[in-house]
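> fold the stuff below for me.
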Amino acid sequence: MKVLQLIDSLRLGGAEKMSVSYANALAERIEGSFLCCTRLDGFLKEELHTTVNYVFLNKKSILDTNAIFKLKNFIKYHNIDVVQAHGSSYFIASLVKMLWPNFKLVWHVHNGASEQMNFFELNTLKFLSRFFDGIITVNISLSNWAKENLNCKNVIDLPNFVLNNSSSKVGDLTLKGEADAFKIICVANLRPEKDYSNLIKAFKEFAKNKNVSLHIIGNDLDTLYSEKILKELENSGTNKKMFYYGSRRNVIFLLKQADLGVISSRSEGLPVALLEYGLAGLCVVSTDVGHCKDVIKNNGIVVGKEDHIYLSKAFNTYYSNRELAKTDALKFHNDITKKYSPSTVVSRLIEFYNSILITN
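Numbering: from 1, shown residues only. All right, here's what the predicted structure looks like:
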C-alpha cells in the first residue's frame with residue numbers, strides 16, 4: 001500500500017504536525033509513505049523521516065494548473081493508492097481526482113471550526129465531498145457533523161497521537177523572564193478560534209503580585225487578528241511577564257521548561273498541543289471545547305470557554321498548590337503516553353484504508 005499525506009502548509013500547526021506524524025508512522029508499516037505540501041513550505045519538513053518521499057507544489061493560487069497537474073503526475077507516477085488530504089487541501093485533491101480517479105481520497109478534518117463554515121464554504125465542501133472515499137475526524141461531534149452535512153457517509157473517528165521525539169536534537173532557546181517564575185505556556189497559531197484575548201485577560205487577572213510568566217508559541221499569520229493580539233500583548237501593562245516567540249522548532253524542549261500548559265480556544269477538534277503538554281509532563285488547563293474534556297478527564301482543569309475569570313482561577317489553583325499540579329501532571333502524562341501513542345491509532349487507520357481499497 002502506498003499512501004500520500006496532503007497538506008497546504010508545513011509551518012507550525014496541529015494539522016501540519018499530524019500530517020508529518022502520520023507520514024512518519026506509516027513509513028514503518030506500509031510499502032510507501034509520501035507527503036506533499038501544496039502552498040507553504042516550512043521547518044516541519046525537517047522532521048520527516050528519510051524514508052518518506054516528499055514533494056512541494058509551490059501552489060500560487062486556488063486554481064493553479066501547474067500545481068494541480070504536478071500533483072496528478074506525482075500520484076500517477078508513484079502509483080499512490082490513498083491520498084489523505086488534511087484540512088483545506090481537500091480542494092486540490094478533489095480537482096486531481098476529477099482528472100485522475102485511480103486513487104482513494106480520504107479527507108482528514110482536524111478543526112472544530114469546520115462546524116461553523118459559512119454558506120459558500122460548506123456548499124463547496126459538500127459538493128466536492130462526493131469525491132471522498134472516506135472521512136477521518138478527531139472526535140464524535142465532528143463525525144456526526146460530517147455524516148449529517150456531507151456526501152460521504154464512510155466516517156471514522158480517530159484521535160490524534162504524539163510521537164516521542166526525545167532522541168531528537170534539543171533546542172537552545174530558554175524561556176524568557178524570571179528563571180524561578182511559574183511559567184504558563186500556550187502553543188497555538190494566532191487565529192481567532194484560539195481566543196488569545198481571553199487568555200491575555202485571564203493572565204492579567206492572575207498575574208497580580210505574583211512571580212509568573214506567560215509564553216506564547218505560534219505563527220503570526222499576518223492578519224488583522226494577529227496584529228490585534230500582538231498589540232494587546234504590547235499594551236497589556238504586564239508585557240515584562242508575557243512573551244511571544246513566533247513559530248519554533250522542537251516545541252517539546254520549550255514545553256519542558258514550563259509549569260502549566262493552556263488551551264484557551266473557543267473552538268477545537270483535538271488540539272495536538274494538548275497531547276504535547278501531556279508528553280512534556282505539564283499540568284493542564286483548558287476551555288471546554290472539542291475533545292479536550294474527554295482527553296483531560298480528572299487529570300487537569302476544564303473551564304467554560306470565553307470566561308477569563310474562571311480561566312484565571314484555574315491558573316491560581318495550580319499556582320497555589322504545587323503538589324496538586326505535580327500529581328495531575330503525572331497522571332495526565334501517564335494517560336497520554338498510554339492512550340495516544342501512534343501504534344493503536346495507525347493500526348486502525350490501516351484497517352480503514354484496507355476497507356476503502358476493497359470497495360469499488
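
> residues contacting stretch 85-101, please?
With contact meaning Cβ atoms under 8 Å, 6 or more residues apart in numbering, stretch 85-101 is reached by 5-8, 15-16, 18-19, 38, 57, 59, 62-63, 67-69, 71-72, 75-76, 83, 103, 105-111, 124-125, 128, 131-132. Glycine gets a C-beta too; all of them are placed from N, C-alpha and C.

> L175: what's it in contact with?
L175 neighbours (Cβ under 8 Å, 6+ apart): K183, I185, S213, H215, F243, L254, Q257, A258.

> with respect to N139, which of the residues you listed is nearest?
Nearest to N139 among the contacts of L175 is I185, at 23.7 Å by Cβ to Cβ.

> that closest one: neighbouring residues, count only.
26 (other Cβ atoms under 10 Å).

> and the one helix or strand it maps to, what does it pack against?
Using DSSP states H and E, I185 sits in strand 182-187. Applying 3 or more Cβ pairs under 8 Å, 6 or more residues apart in numbering; DSSP states H and E, we find strand 182-187 packed against helix 196-206, strand 212-217, helix 251-255, strand 260-263, helix 272-280.

> try it again at 7 Å.
Strand 182-187 makes packing contacts with strand 212-217, strand 260-263 when contacts are defined by 3 or more Cβ pairs under 7 Å, 6 or more residues apart in numbering; DSSP states H and E.

> okay, the angle between that strand and helix 272-280?
Using axes from the mean of the first three to the mean of the last three Cα atoms, to 10 degrees, the direction of strand 182-187 lies 140 degrees away from that of helix 272-280.

> any residues touching strand 182-187, and which ones?
The contact list for strand 182-187, computed with Cβ atoms under 7 Å, 6 or more residues apart in numbering, reads 175, 199, 203, 211-218, 251, 255, 257-262, 264, 273, 276, 315, 319.

> can you flag the buried ones in the residues you listed?
Buried members of the contacts of strand 182-187, scored by 16 or more other Cβ atoms under 10 Å, are 175, 199, 203, 212-218, 251, 255, 258-262, 264, 273, 276, 315, 319.

> apart from its neighbours in sequence, what residue is nearest I140?
Excluding its sequence neighbours, the residue lying closest to I140 (Cβ to Cβ, 6 or more residues apart in numbering) is D157, at 5.7 Å.

> which of the helices and strands packed on strand 182-187 sits closest to S141?
Set against S141 and scored by Cβ to Cβ, these come closest in strand 260-263, at 16.1 Å.

> what is the closest one packed up against?
Partner elements for strand 260-263 (3+ Cβ pairs under 7 Å, 6+ apart): strand 182-187, helix 272-280, strand 283-287.

> contact partners of the last one?
By Cβ under 7 Å, 6+ apart, the surrounding residues in contact with strand 283-287 are 260-265, 274, 277, 292, 296, 300-305, 311, 314-315, 318, 325, 328-329, 332.

> neighbours of the closest residue to S247 other than its chain neighbours, how many?
Of all residues not flanking S247 in the chain, L12 sits nearest, at 4.1 Å (Cβ to Cβ, 6+ apart). L12 has 22 neighbours, counted by other Cβ under 10 Å.

> give me the distance between L12 and F43.
8 Å (Cβ to Cβ, to the nearest Å).

> can I assume A85 sits in a helix?
No - applying DSSP: H, G, I helix; E, B strand; the rest coil, one finds A85 to be strand, outside a helix.

> relative to S247, how far out is it?
23 Å.

> and the gap between the residue most central in space within the chain and L63?
Against the mean C-alpha coordinate of the chain, by Cα atoms, centre = their mean, the closest residue is G14 at 1.5 Å. Distance, G14 to L63, using Cβ to Cβ: 27 Å.

> go on, H49?
33 Å.

> more neighbours: these two, which one.
H49 (14 against 11).

> please name the nearest non-neighbouring residue to that one.
N24 (4.8 Å).

> and L122, by the same measure?
Nearest to L122 is N149, by Cβ to Cβ, 6+ apart, at 6.8 Å.

> I'd say that neighbour and S129 touch.
No - counting by Cβ atoms under 7 Å, N149 sits too far from S129 to count as a contact (8.5 Å).

> who has more neighbours, those two?
Set N149 next to S129 and count neighbours by other Cβ under 10 Å: S129 wins out with 19 against 15.

> I'd guess that one is in a strand, am I close?
No - counting by three-state DSSP, S129 is not found in a strand; it is helix.

> what is the subsequent helix or strand relative to the longest helix along the chain?
As assigned by DSSP state H, the longest helix anywhere in the chain is helix 322-339. Next helix or strand after helix 322-339 toward the C-terminus (DSSP H and E): helix 342-357.

> which of the helices or strands spans Q5?
Using DSSP H and E, Q5 sits in strand 2-9.

> in terms of secondary structure, what does that strand contact?
Other helices and strands packing on strand 2-9, by 3+ Cβ pairs under 7 Å, 6+ apart, are helix 14-27, strand 32-40, strand 82-86.

> residues in contact with it?
For strand 2-9, contacts defined as Cβ under 7 Å, 6+ apart pick out 15-16, 19, 22-23, 26, 30-40, 42, 75, 78-89, 93, 353.

> tell me the confidence at the closest residue in space to N164 that isn't next to it in sequence?
Distance criterion Cβ to Cβ, 6+ apart; nearest residue to N164, sequence neighbours excluded, is L279 at 6.4 Å. Listed pLDDT for L279 reads 94.
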